[in-house]
Each structure stands twice: as structure tokens, then as C-alpha cells.
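*Asks:* build me a model from this:
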Amino acid sequence: MLPRHTDYRIEQLCVRAKAAKSDLDIRIVLKELRGALSEHTGLARESLEAQVSALITLQAKIKEFADAKIRECEMEESDSRAPDAA
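*Replies:* Numbering: from 1, shown residues only. Below is the predicted model of the structure:
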């Protein structure tokens, strides 16, 4: 999840850019907007990387669990087929 502050900052800078009266004002605001967009993109990338990492970890744990259950079922099945040693 991205921090809301970058969205808010980008929105505010867009409003300022639209309201700018001179080329100098526009250049100043656009420079700030580039920085805000860069920060937002970096945060989005970090967030996605963390989510991918979490999903990979979860996938590995699910596989381990499923493999253990399969082995357990196979052992129970082979035990039920074995003749009684009475």
C-alpha cells in the first residue's frame, strides 16, 4: 500500500501547475512534480517488491504443507494395504 502523502502531493502540484501564471512558475512546479512522481514510483516499486517477496514465501510454505499432506496420505494408504502382522 502506498502512502497517501505522495498521491496528495502530486494532486496539489497538478493544481498549482494548472494555475501557474508564468513560464517560470510552471517550470518550478514541474520540477517539484517530477520529484514527487519519482518518489511515488520508487515507493510503488518497493511496495510491489515486498508483495512479490511475501507471495513467493507464502507459495513455498503452501507447497511444503501440501507435500507433507501428500506424504502423510501416501503413508496412510500404504499402511492400510499392508497385511496385519498378527
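*Asks:* what bits of the chain have low per-residue confidence?
*Replies:* The chain contains residues with pLDDT under 70 at 1-2, 82, 84-86.
*Asks:* do that again at 90, thanks
*Replies:* 1-5, 76-86 (pLDDT under 90).
*Asks:* all helices in it, in order from the N-terminus.
*Replies:* For the chain, the helices defined by DSSP state H cover 4-19, 23-81.
*Asks:* could you dump those to a markdown table with mean neighbour count?
*Replies:* (Glycine included, C-beta is placed from N, CA and C.) Shown next, in a markdown table, are those (neighbours: other Cβ atoms under 10 Å):
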| stretch | mean neighbour count |
| --- | --- |
| helix 4-19 | 13 |
| helix 23-81 | 11 |
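*Asks:* could you measure from residue 6 over to residue 38?
*Replies:* Applying Cβ to Cβ, to the nearest Å, the value for residue 6 to residue 38 is 10 Å.
*Asks:* kindly report the same for residue 52.
*Replies:* With distances taken as Cβ to Cβ, residue 52 is found 21 Å from residue 38.
*Asks:* do residue 78 as well
*Replies:* 60 Å.
*Asks:* then residue 4?
*Replies:* Residue 4 sits 17 Å away from residue 38, going by Cβ to Cβ.
*Asks:* same check on residue 81?
*Replies:* To residue 38, residue 81 is 64 Å away according to Cβ to Cβ.
*Asks:* and what of residue 26?
*Replies:* To residue 38, residue 26 is 18 Å away according to Cβ to Cβ.
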